[in-house]
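**Q** Sequence first, predicted model second:
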Amino acid sequence: MARYTGPKNRINRKFAEPILGSGKNLDKNSFPPGMHGNSKKRKTTSEYSLQLREKQKAKYTYLMLEKQFRNTYFEANRQKGSTGENLMKLLESRLDNTVFRMGFTGTRTAARQLVSHNHLLVNGQPVNVPSYSLKPGDVIELKPKSKANNDITGLARPKAQRIGWVDFNEKEFKGTFLMAPERESIPENIKEQLIVELYSK
């Protein structure tokens with residue numbers, strides 16, 4: 001599928017969770033999208049449907065296409081340890097996700113745009129690849145020209161709850177990726193074991 005550019009609330013309603021954006025309208029309109037809403041919903045959900053749904057949720061959450069997500073899964077499967085936990089670590093280690101976690105922007109979509117528009121340096125070198133995989137100790141910062149742009153610095157959203165695996169200096173717009181997080185530290189409501197079962201078939 002192509003990258004989703006449609007209404008964000010439609011995806012939030014599909015999963016009944018704030019996958020994209022704040023999900024502030026879920027309380028008013030939480031039934032699934034489509035003209036029939038819940039009326040055509042099946043009484044039972046197949047195992048495959050649950051697994052596919054979880055994979056789609058992860059793809060929408062981390063703004064990834066199928067081929068890219070599948071390759072990330074295969075990389076996680078090659079590593080030692082739990083494939084599901086490895087997958088979540090790889091997803092969280094992406095540059096665009098880390099920029100979001102640090103608070104450079106308030107959404108992953110804005111973080112992805114910040115990266116792809118070449119506003120960031122990683123260890124002093126320009127990087128404009130959202131899927132760039134960070135290593136512990138990598139330093140991310142805005143380019144000097146970008147720091148002087150109020151439109152860019154105005155995107156910053158200091159986190160109310162600090163994320164333990166990143167450090168961010170709000171005054172300097174500079175952060176450090178400390179380590180790949182353990183699964184229990186990642187707040188995303190994704191059942192990664194269902195994704196593993198889907199790809200294992």
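**A** Nice, I can see it.

**Q** and Leu52, what does it touch?
**A** Leu198 (C-beta atoms under 8 Å, 6 or more residues apart in numbering). For glycine as for every other residue, the C-beta is placed from the backbone atoms N, C-alpha and C.

**Q** do Lys55 as well
**A** Lys55 neighbours (C-beta under 8 Å, 6+ apart): Phe69, Leu194, Ile195, Leu198.

**Q** Arg112: what secondary structure?
**A** helix (DSSP: H, G, I helix; E, B strand; the rest coil).

**Q** Turn the contacts of Lys55 into a markdown table, columns for neighbour count, secondary structure and distance to Tyr132.
**A** Shown next, in a markdown table, are the contacts of Lys55 (neighbours: other C-beta atoms under 10 Å; DSSP: H, G, I helix; E, B strand; the rest coil; distance: C-beta to C-beta, whole Å):
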| residue | neighbour count | secondary structure | distance to Tyr132 |
| --- | --- | --- | --- |
| Phe69 | 19 | helix | 16 |
| Leu194 | 18 | helix | 27 |
| Ile195 | 25 | helix | 22 |
| Leu198 | 17 | helix | 26 |
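
**Q** Of all pairs in those residues, which one is the farthest apart?
**A** In terms of C-beta to C-beta, the contacts of Lys55 reach their longest pairwise distance at Phe69 and Leu194, which sit 13.9 Å apart.

**Q** From what I see, Pro130 and Ser116 are in contact.
**A** Yes - Pro130 lies in contact with Ser116 (C-beta atoms under 8 Å); the separation is 6.0 Å.

**Q** the more surrounded of those two?
**A** Pro130 (21 against 13; other C-beta atoms under 10 Å).

**Q** ok, residues contacting stretch 135-151?
**A** By C-beta under 8 Å, 6+ apart, stretch 135-151 touches 93, 95, 98-99, 102, 104, 118-124, 126, 134, 152-153, 172-180.

**Q** Output that stretch as CSV, nothing but the C-alphas.
**A** Coordinates of each C-alpha in stretch 135-151 appear next as CSV, following Å, rounded to 0.1, in the frame of the first residue of the first chain:
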residue,chain,number,x,y,z
LYS,A,135,23.1,3.3,17.9
PRO,A,136,23.6,4.1,21.6
GLY,A,137,25.4,7.3,22.0
ASP,A,138,24.3,8.9,18.7
VAL,A,139,23.7,12.6,19.0
ILE,A,140,20.9,14.3,17.1
GLU,A,141,20.6,18.1,16.7
LEU,A,142,19.1,20.7,14.5
LYS,A,143,21.3,22.3,12.0
PRO,A,144,22.5,25.9,13.0
LYS,A,145,20.3,27.4,10.2
SER,A,146,17.3,25.4,11.3
LYS,A,147,17.8,26.5,15.0
ALA,A,148,17.4,30.1,13.8
ASN,A,149,14.1,29.3,12.1
ASN,A,150,11.2,29.9,14.5
ASP,A,151,8.8,27.8,12.3
